[in-house]
Every structure is written in C-alpha cells, then in structure tokens.
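J.: sharing a model that was predicted from the sequence below.
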Amino acid sequence: MLNPPINRMGGKSRLRKRIINMMPEHTCYVEPFFGAGWTFFGKEKSEVEVINDVDKELINLFRMLKEHPEEVERVLKYEIIARDSFKEYKEMNIEHMTEIKRAVRYLYLINSSFAAKGGSFGYGALKKPNQKIFNQDFEKLRDRLKNTYVENKSAFEIIEKYDRPGTLFFCDPPYLGTTSYQDEFTLEDHIILRDILSNIQGKFILTINDHERIRELYKDFYIEEVQVMYSISREKEARKGYGELIIRNYENTEENRKKDNKLL
Ligand SMILES: C[S@@+](CC[C@H](N)C(=O)[O-])C[C@H]1O[C@@H](n2cnc3c(N)ncnc32)[C@H](O)[C@@H]1O
C-alpha cells in the first residue's frame, strides 16, 4: 500500500484497510474531504477518481505532485531540516511564489512541524529530524494521481457535481466538536452534509467521531462502531483508543464482514 506524502490530523492510516474492504463496486470514486488521502493512496485505482479539499495549499501540493513531480523533487534537494528554514518558510508571503515553490513550502512545513500541523517546528532530544520530506517515491505518487481530477471546492459542491448511480463517496469530514482545521466544520455543516448524502444516487461511506448528535443525524443508515487505537507513549508503547463511527447507505456483505473480523 502506498503512503501519502504528508501526515494530516484525523488521517485514516489505522482504519483504511477496513474502509477499503467494505467498498462496493463503483466506477467513480470521490474523496470530498481529502486531507492526506490515506484511503485513496491505499486502494486500487478506480475508473474515474476525484480528490477534493477546501484547503488551497494542500490541494496545490497534490496538483504539483501530479503535474510536476520532478520539479518538486529537484527543489527539495536544496533543503535541510532546520528551525531557521522552518521559520523562513512559515513567514514567507506566498502571493508571488510559483505553484511549485508553494508545494515544496507546504510539504516542508507539514512534515517538519510538531504533530504535522504546520504550526511550530518539531524537534526532540531523543529523535532526529523527521526525514519524511526526503523519503518520497515521486514516481509512484505521480502514477497514482495521473488520471485523477484534483479539485479545490466545498465538499457539498463536489458531491452534487459527481453524483451518479455508479459513484462511491468516501467522506471523512472534520470531527464534530473540534475546531483544529483552518476551516471550521460546524454542526450546521454536518446537517447539510447529511441532507446531501441522504439524497444521492450513488453510495457513501462516512467516518466520524462517535458523537450522540451524529448518531441521531444518521439514524436511518448503517452505523458501525470502531475503536481506533493509538500509542500515547513511545517508551511504554501504551495504547489508548477512541470511538469512531463508519456510516454507510448500503449494507456490508457477509463476505466483507468476515474479512473485517480478520483485521480486528
Ligand atoms: C479528517 S480530514 C481528512 C483526512 C483524510 N481522510 C486522511 O486520511 O488524511 C478532513 C479534511 O476536510 C477538509 N475540509 C474541511 N471543511 C471542508 C469543506 N467544507 N469542504 C471540503 N473539505 C473540507 C479539511 O481541510 C481536512 O483536510
């Protein structure tokens, strides 16, 4: 399975196998809330594919990886991971930068920041600087993105644009009750999303935090609870879990359920 070039809060690295396993047959695959795209990079190509996010800099990165990966790779060769360079990139005015330089800047800031949030330089007395920025397989990334539509619109618009009977939407919106993204996703937005998804011709899989309001909103659909485990202490490898819901507008097959049990 291919990994994305960046990390992103709420990324589906731990759940993607399970999500991919429950995908029904489809001709068009759409991720309206792309983020780092763990699920997209983990799955086989579909006939038509669409990735979308409202974050302009994030989408510019994927467009450049699709259109000019060799240039991104060339510019990256001049970089080193250092606090000064991080600060310089962070304070740069991106208005007059080329799209390639903006993509490198974004890749740099996300991959060398604390918790991949792009806010402050990530460092530690017990670990060397994160090398993820240099360890990319640009050829594979380009190949994966080659025939994909890369969009930068609101998820609502994208769902309406690409909805057909053969479309599968994998929706991974920001959690309800968190305000950590640049663009907040409110309860009203979740209600609009539910209303749109309730009327599509295609199929959807939605992942979201286990929240009473969400359960209520999607009570007419298939809801599965999952516990996502993560390590809280590197030394002790302590594990803690949080509840997440996988919601669909179609029933999972018995065969898929059996495969799921093997993944647990
Ligand atoms: C939970 S993250 C997706 C994580 C992704 N599944 C992964 O594996 O990395 C949610 C994403 O939705 C985007 N987003 C927030 N509001 C949006 C909107 N109205 N339309 C489209 N994207 C939006 C955020 O920028 C963020 O990247």
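T.: Cool, got the structure. Keep in mind it's a predicted model, so treat the numbers as computed, not measured.

J.: wasn't V72 part of a helix?
T.: Yes - counting by DSSP: H, G, I helix; E, B strand; the rest coil, V72 is located in a helix.

J.: any idea how far it lies from Y78?
T.: According to Cβ to Cβ, to the nearest Å, V72 and Y78 sit 12 Å apart. Bear in mind the C-beta positions are built from the backbone N, C-alpha and C, glycine included.

J.: among the two, which residue is more densely surrounded?
T.: Set V72 next to Y78 and count neighbours by other Cβ atoms under 10 Å: V72 wins out with 23 against 7.

J.: contact partners for the more buried one?
T.: M64, L65, I100, A103, V104, L107, F138 (Cβ atoms under 8 Å, 6 or more residues apart in numbering).

J.: again, only using 7 Å
T.: Counting by Cβ atoms under 7 Å, 6 or more residues apart in numbering, V72 makes contact with M64, L65, I100, A103, V104, F138.

J.: again with K66
T.: R142, L145, K146, T148, V150.

J.: ok, which stretches of the stretch 51-200 of the chain are helices?
T.: All helices of the stretch 51-200 of the chain, identified by DSSP state H, counting those that start in this stretch, fall at 56-67, 69-76, 83-91, 99-111, 138-145, 155-162, 187-198.

J.: out of the contacts of V72, who's nearest the ligand?
T.: Set against the ligand, the nearest of the contacts of V72 by Cβ to the nearest ligand atom is L65 (14.8 Å).

J.: could you count how many residues lie near the residue lying closest to the closest one once chain neighbours are set aside?
T.: Setting aside the residues directly before and after it, L65 is nearest to L141 in space (Cβ to Cβ, 6 or more residues apart in numbering), at 5.1 Å. If you count neighbours by other Cβ under 10 Å, L141 ends up with 20.

J.: what does the one 3 residues further on give?
T.: Look at R144: counted by other Cβ under 10 Å, it has 20 neighbours.

J.: wait, it touches K43, no?
T.: No - counting by Cβ atoms under 7 Å, R144 does not reach K43; the two are 9.7 Å apart.

J.: ok, which stretches of the stretch 101-250 of the chain are strands?
T.: Listed in chain order, the strands of the stretch 101-250 of the chain (DSSP state E, counting those that start in this stretch) span 148-151, 167-171, 203-209, 222-233, 238-248.

J.: lovely, talk soon.
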